[in-house]
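>>> quick one: sequence and predicted model below, then my questions.
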2 protein chains.
Amino acid sequence: MGVKLGILGLGTVGTGTVQLLQDGIGRHPLLQEIEIYKVGVRSLDKSRAVTLPESVLVTDLDAIVNDPKVDIVVEVLGGLEPARSLILKAIENGKHIVTANKAVISRFGEEIFTSANKAGVYVMLEAAVGGGIPVIQPLKQSLSVNRIQSVTGIVNGTTNYILTRMQLEGSNFDDVLADAQRLGYAEADPTADVEGLDAADKIAILASLAFDGRIKLEDVYCEGIRQVSKTDIAYAEKLGFVIKLLAIAKTAISPSANLPLSSTPPISVRVHPTLVPKTHPLASINGVNNAIFIEGQPIGQVMLFGPGAGAGATASSVSSDILNLVASLKTNTALPNPLLACRHQDYCQITPSSELVTRFYARFLTLDQSGVIGKIGTCFGDRGVSLESVVQTGFQGELAEIVVVTHDVREGDFREALTEIHSLPAIDSIPSVLRVL
Amino acid sequence: MGVKLGILGLGTVGTGTVQLLQDGIGRHPLLQEIEIYKVGVRSLDKSRAVTLPESVLVTDLDAIVNDPKVDIVVEVLGGLEPARSLILKAIENGKHIVTANKAVISRFGEEIFTSANKAGVYVMLEAAVGGGIPVIQPLKQSLSVNRIQSVTGIVNGTTNYILTRMQLEGSNFDDVLADAQRLGYAEADPTADVEGLDAADKIAILASLAFDGRIKLEDVYCEGIRQVSKTDIAYAEKLGFVIKLLAIAKTAISPSANLPLSSTPPISVRVHPTLVPKTHPLASINGVNNAIFIEGQPIGQVMLFGPGAGAGATASSVSSDILNLVASLKTNTALPNPLLACRHQDYCQITPSSELVTRFYARFLTLDQSGVIGKIGTCFGDRGVSLESVVQTGFQGELAEIVVVTHDVREGDFREALTEIHSLPAIDSIPSVLRVL
């Protein structure tokens, strides 16, 4: 018989994967070589959308990762434990891994890939980022001949759905979030999504592949979308931007700089709401869709777009990883395939956020108008922060609203100027500071 | 030493590839295992943008494909001959092939892949379609677990540049073409681009991969953009569309239909100017960029976007194919990798164009207005062609201009109605008939 799968979990993704594999017509013929050998679930009594022989469905997950007959373990449990321990045990037992678990990979990648390389097995994770979008394999293979300059993604469907609706309807964050929860687009506890934590997991993984080194999750700067107001969305619109939660990994130095052969360039890795020019390809990615925009030398700019979540899309990515492993098993390779194995040994060098160079948008509420713009301009000018535009159109009650957009500036300089501006008697508050792509 | 390349041709793509391979810093480390062993050129005297040792540059292309030391032949000559013969000879000599040559592959694919399978070598062609965009490998691997329903591409940069400028500037085709030729965006003889022949080569290749069978180039319906007028672009705009030259391969039956396991569904493969709804992701692909939009089950919709041509982008694709082959050579595979080899044996079944179901846009010039719309409507109605909108706003001299957009109709029925309408005394002419996505 064929290659034996042990699938851990039969939730949305697990069910989608089983459905795909059970319905082979019109798909890659190699899928026919796969046997769904064991599927581990919490309870045998639950009614399921898929039919599996009684001998396949089991509740003992440890038995699956220890079963010598299992060739590939497909971990679609989600969460940190027992997923992490089961993956490590399966690797130790010489099994290849397919996982959709960005949280485990972004936190325990070093441990997992080190033991996988030692055991001579592969850990595949196409489904961990970007749902159905092929992005992990292109970064590991096709695009890896490029010197990557940046990876910029809309990688969280929930926040993109919320921001899209806020923009289209002129609604407040809280109202849209409540409605998204009602409709099932946001979780009851939306923290991981709206605080940017899910996106941080994903950009840590993408950065690692693009820049060829490990990433500590705590090095990923992370800011969510709770602070994005409909006022800011309206100002952004007027200035020619839309606001998106972007996950960005970017070289912090010029790509033309002369580097010693062995070194990787310092990078910044961050998640934050960002003003995106309406002409940028990412500006038109709406709703629950995801997109990953990649710049490299010599390729230029490419963008990969598609469904960021959902049973079918994620099952497509999980199954494509399984397909790759089956192909590898069928060819009897004598040595590990360097395009499938992890080749990271060192950690990427991360630029401190004060050293970042970026454009900023800031909104000020001021007590009186006369001379305030001049004072703000002076504070920025003193720190070498050059302004691209200053808009004063709105009022919030008695307060005048002033919005500035800077040219590229050192974040440290900008923050210092902000502190000074904040202490000006004419300034009531600084309700928003956002970055501009 | 490493894997030995014999590169045929040192034009734009060849030069870009050599530059990439000579500048390995920050790229995949496997590239360091590659030796640029021979480069075949027409003349040794020409000045070059790259420096190569005297022993590498040669004029005898046959000697390269016959040299037992060469592992991989990179064909970047373009054109049909001697490219085809050199590829076949190299295959016969057991060498793997990387080619950027869509014309050779779309015409001689059967011959080339049959001999490659016999010789146990791979023919890689990422650069043949979509410039730098990773699309061939995703179709062969990640996306191949899906049942593909359609592949719709903007795959010719020249025509997309021309149509984009016509739209933005309200200019005529001839004026923009002349300017594009002056600026180097269109060739002196623009036939292959503007008649859609280049796009036809590319969609034949994409269709073959997506629908898992061979395609005869003469089965690809092909219509260029010469007939697209600024009048049509303006009407399309008013109706909520932009006009793009699309290359489309699409199953002609419902994807949910029950198929016998061995059969592939009948498909239509075609290139024609198309009205694309402004909300569709392909509508915003402008200038020389390319994009390939793919629908499949269960993945849904994905789009791959990037530079469709240029030395750097194409070199990225050529080099990624080389990387894949080097990885394969390094792993000492006992058997051919089923994800790299061609697995097509049969030809795809092609639906005759009269059986196609699509929406149409048509523009009529009529002698007088009274009752004409009614007569046109009756002709369509008699054939079961249902109209979505009828617009009558413009005049061309004495003639009234009527534009209709249909719902989905059988092309044969629509054509019969058109013939009948054309014979109506009130109809002066039918200057444009375009399809609607």
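Received the coordinates, thanks.
>>> alpha carbons only for contacts and neighbour counts from here, please
Will do.
>>> can you give me the strands for the stretch 251-400 of chain A?
Using DSSP state E, counting those that start in this stretch, the strands of the stretch 251-400 of chain A run over A:267-277, A:289-297, A:300-307, A:357-366, A:387-391, A:395-396, A:399-406.
>>> now those in JSON lines, with distance to chain B?
JSON lines is the format used below for the strands of the stretch 251-400 of chain A (distance: least, CA to the nearest CA, whole Å):
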{"stretch": "strand A:267-277", "distance to chain B": "13"}
{"stretch": "strand A:289-297", "distance to chain B": "7"}
{"stretch": "strand A:300-307", "distance to chain B": "4"}
{"stretch": "strand A:357-366", "distance to chain B": "22"}
{"stretch": "strand A:387-391", "distance to chain B": "27"}
{"stretch": "strand A:395-396", "distance to chain B": "34"}
{"stretch": "strand A:399-406", "distance to chain B": "26"}
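>>> wait, which of the ones you listed is closest to B:Arg214?
Evaluated with CA to CA, the strands of the stretch 251-400 of chain A place strand A:300-307 nearest to B:Arg214, the distance being 26.9 Å.
>>> low-confidence stretches in the stretch 151-300 of chain A?
A:253-263 (pLDDT under 70).
>>> any idea which of the strands of the stretch 251-400 of chain A gets closest to A:Ser47?
strand A:300-307 (27.3 Å).
>>> between that closest one and strand A:289-297, how big is the angle?
Put simply, strand A:300-307 runs at 160 degrees to strand A:289-297, going by axes from the mean of the first three to the mean of the last three CA atoms, to 10 degrees.
>>> just the buried residues of the longest helix along chain A, please?
The single longest helix within chain A, with elements called by DSSP state H, is helix A:311-330. By 16 or more other CA atoms under 10 Å in any protein chain shown, the buried positions in helix A:311-330 come out as A:311-328, A:330.
>>> setting the sequence-adjacent residues aside, check what's closest to the residue in the stretch 151-300 of chain A that chain B sits nearest to.
Nearest residue of the stretch 151-300 of chain A to chain B (CA to the nearest CA) works out as A:Ile299 at 4.1 Å. Nearest non-adjacent residue to A:Ile299, counting by CA to CA, 6 or more residues apart in numbering or on different chains: B:Ala313, 4.1 Å away.
>>> ok, now which ones touch that neighbour?
Taking CA atoms under 8 Å, 6 or more residues apart in numbering or on different chains, we find B:Ala313 in contact with A:298-300, B:131-133, B:307.
>>> now swap in A:Asp382 and tell me
A:Asp382 touches A:Ala417, counting by CA under 8 Å, 6+ apart.
>>> quick check, pLDDT for it.
Turning to A:Asp382, the model gives it a pLDDT of 95.
>>> any idea how far it lies from chain B?
Noted for A:Asp382: a distance of 38 Å to chain B, by CA to the nearest CA, to the nearest Å.
>>> same question for A:Arg343.
Taken as CA to the nearest CA, the span from A:Arg343 to chain B is 9 Å.
>>> what number of residues lie near that residue?
Per other CA atoms under 10 Å in any protein chain shown, the neighbour tally for A:Arg343 reads 18.
>>> what's the closest non-adjacent residue to it?
Using CA to CA, 6+ apart, the closest residue to A:Arg343 is A:Asp212 (7.7 Å).
>>> the one you found touches A:Cys342, doesn't it?
No - using CA atoms under 8 Å, A:Asp212 makes no contact with A:Cys342, being 9.4 Å away.
>>> list the contacts for the closest residue to A:Val3 other than its chain neighbours?
The shortest distance from A:Val3 to any non-neighbouring residue, by CA to CA, 6+ apart, is to A:Ile34 (4.9 Å). A:Ile34 sits next to A:2-5, A:21, A:326 when contact means CA under 8 Å, 6+ apart.
>>> recalculate using a threshold of 7 Å.
Each residue near A:Ile34 by CA atoms under 7 Å, 6 or more residues apart in numbering or on different chains is listed here: A:2-4.
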